[in-house]
Each structure stands twice: as structure tokens, then as C-alpha cells.
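Engineer: Any chance you could fold what I've pasted below:
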Amino acid sequence: MSTLFVWREKLREIYAKHSTYILKALQLILGLVLFGLINVNIGFMEMASSVFCTVGLAVICTFFPMIVMVTAAAVLILVHFYSLSLPIAAVSLVIFLVMYIFYFRFTPKKAWLVLLAALAFGLKIPLVIPVVFGLMGTPVWIVPASCGVIAFYMVDFVKDSAAAFRSADAEGLFDSLMSFTRQVLTSKEMWLMVVTVVLGILVVNLIRTRAVDHAWKIASAAGAAVCVIASAAGNIALDAGISYAEIVVSAILGIAVGLVLEFLFFSVDYSRTENIQFEDDEYYYYVKAVPKVGVSVPEKEVKHITGNKPREKQDTAPEETGNTNTEEILLTRSLSKELGLDQEKGKTE
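Structural biologist: The predicted structure follows:
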């Protein structure tokens, strides 16, 4: 276990030194996956769904804030919708504007949360989002999570009804538009998953902030269980058509991701927990102190191997010191003789 902590500290050191490059690399990967999924699922316009467009948008958005990537993804979706049907693009534009007015405009730095929520649903792992958002964020994160779920289902509705939109005439197009609007606003599956995600985030965040031992583990397991129960019960009651296998697998994966996040961001030693009580003039304080698990990274020992030249110097050094010692002895003897002669002359005089 200590080896894992050593590797964690090394990863932290690497991230501290190269955080800018690491974040940009992750942003590039996120852009490639995001634009690639959009073009694969709703590639109605051939030019916009090409590989060059996908890579180009990902590279360009890498050098800008995340709100630019969110905006580019929305524009790409609208372009594909416009190629399919102008009314569908208009309705989708109104929905995106509502999301922008109520959330992105005030919290542009959290725009990447919407992308993660939509990508999780696109990758068929929806219940990972409640665990991750509940552990790492605040209850406010339910808003971007809900926006991501709505955006995913809106794209999914258009993908399923693309053939009907293409073959519809003027009257049929109006009926298709009304059907699309009705699906977006009254979809049982979509609103069931929105409620499930919101409940999961609230439960995980509530337990994670409690002063109990192993709060992160309990929060991950409880949040995943609540999501499974809520989605399964809603699926039975509403006949929403949600896959049980997808729910269970994503819940298990969410618990695993929660354990990884706890190891990276909240490693503590509960065996050394201390309960402290003190007071001042107005309050009594009851503090529970849990020490963090820290491991010092072993330093590398560098051994200097000397060559032939330094050895020659070391060998000649004693000879030089020996010569200087003999010279000093001879000088002292000569001085003592001279001083002895001077003393004898003084006596004779």
C-alpha cells in the first residue's frame, strides 16, 4: 500500500510541475471524444462530420476556455440539426439559449461539467456522474448535470427520428416538430434520469460532508444504491425502457471511480482519529481531527565514480605533504643551530 502512496506523491509532483500541459492534453482528449461522438451519432452534414473537422475543432478549442468548447459543441449540433430540419434546429437553439441564460452565463468556469454529464450518458455509464459530482463538488452541480442529461436526450431523440424528419412534407414536418417538442418536454426516461442523477448527487454530497469514518466510501456506495433503486422503481412505474444492465454496470463503475477519487484526494488514517474539545467566551467547540496519510518520496542517491586523474592527484598529495614536512624540519634545525651559535658568542663576550 505504501508503494501506491509513493506513486501518488510522484504523480502530484509531476502535475505540479507540468499542470498546464497536462490540463491542455486532457482538454484535447475531451474535445476529440466529444466532437467525435457528436459526428458519429448525428452526422447529418458530411462536411461537418469529417475527421478533419473533428480534429480541427478539438485542437482549436484546446487553446481556449472550456466555455468555448461547450459553445462549439452546441453550434456543431445545431449545424447537423439544420442540415436535417430547420424547425428542429430552431427548437434546439431555444433550449440551448435557456440553458445559457440560466447557468452558463453566470458560471462559465463550470461549463465542462455539462460535457462530462453528456459524455457519460453517451458512453452508457450514466450513474458515474452522481458519484463523481457528489464527491468532488457541491449541490449546485446538479444544474450542469441536468443540462447535460437534457442535451444528450435531445440529440438522442433527433437521432431516432431522423428518417421521419427527412421524409416529411410541410404538414408532416409540422407534426414532426410538435412530436419532437413533446418528446423533449415530456420524455419519461429523460426526466426519470434527471431525477435519479439529482438524488444521487444530493445523497453522495450529504454523506461525504458528514463527520463519520469512511465517509467517502459510504457516500459512493449509498449514492450508487439510491440511483439504482430510483431508476429501477421509476422504470417499473413509468415503463420508461431503461436498461437494467446499463444501470447496474454503471453503478458498480461509479463505486470504483469513487474509491479511486478517495485515494487521490482524501487519504486519511482513521486509526489515529482525535476528538478535541475547547471553548472561548461564547462557544464550545467539538473538533474531530483525522490525520492525512502522507508518504515521503525516497530520494535518489547519486554515486560519483572518479577516474584515473583524480586518483593520481590523491596519490601525489601525500608525497607533496611529505616533502613540505621535511623542508620544515630542515629549516627548524638550521634556525636552532644559528640560535645556538649566537648564544655561545654572547657567553664568550
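Engineer: which residues of this protein fall in helices?
Structural biologist: 2-17, 19-41, 51-62, 66-84, 86-99, 112-122, 128-136, 142-160, 162-167, 170-186, 188-208, 215-238, 244-265, 308-348 (DSSP state H).
Engineer: For the first one, list the C-alpha coordinates in CSV.
Structural biologist: The C-alpha coordinates for helix 2-17 follow below in CSV (Å, rounded to 0.1, in the frame of the first residue of the first chain):
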residue,chain,number,x,y,z
SER,A,2,2.9,2.3,0.7
THR,A,3,4.1,1.9,-2.8
LEU,A,4,0.8,3.2,-4.1
PHE,A,5,1.1,6.3,-1.9
VAL,A,6,4.6,6.9,-3.2
TRP,A,7,3.3,6.7,-6.8
ARG,A,8,0.6,9.2,-5.8
GLU,A,9,3.1,11.6,-4.5
LYS,A,10,5.1,11.3,-7.6
LEU,A,11,2.1,12.0,-9.7
ARG,A,12,1.3,15.1,-7.7
GLU,A,13,4.9,16.3,-8.2
ILE,A,14,4.6,15.7,-11.9
TYR,A,15,1.2,17.5,-12.0
ALA,A,16,2.6,20.5,-10.0
LYS,A,17,5.5,20.9,-12.5
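Engineer: Would you mind measuring from Phe64 to Val204?
Structural biologist: Applying CB to CB, to the nearest Å, the value for Phe64 to Val204 is 31 Å. C-beta coordinates here come from the backbone N, C-alpha and C atoms, glycine included.
Engineer: neighbour-wise, which of these two wins?
Structural biologist: With other CB atoms under 10 Å as the criterion, Phe64 and Val204 differ in neighbour count, and Val204 comes out ahead with 30 against 12.
Engineer: Can you check what pLDDT the model gives the more buried one?
Structural biologist: In the prediction, the pLDDT value recorded for Val204 is 95.
Engineer: hang on, isn't it packed against Ile218?
Structural biologist: No - when contacts are counted by CB atoms under 8 Å, Val204 is not listed as touching Ile218 (9.6 Å).
Engineer: so how far is Cys227 from Trp7?
Structural biologist: Computed as CB to CB, the Trp7 to Cys227 distance reads 31 Å.
Engineer: More neighbours: those two, which one.
Structural biologist: Taking neighbours as other CB under 10 Å, Trp7 and Cys227 compare with Cys227 leading, 28 against 12.
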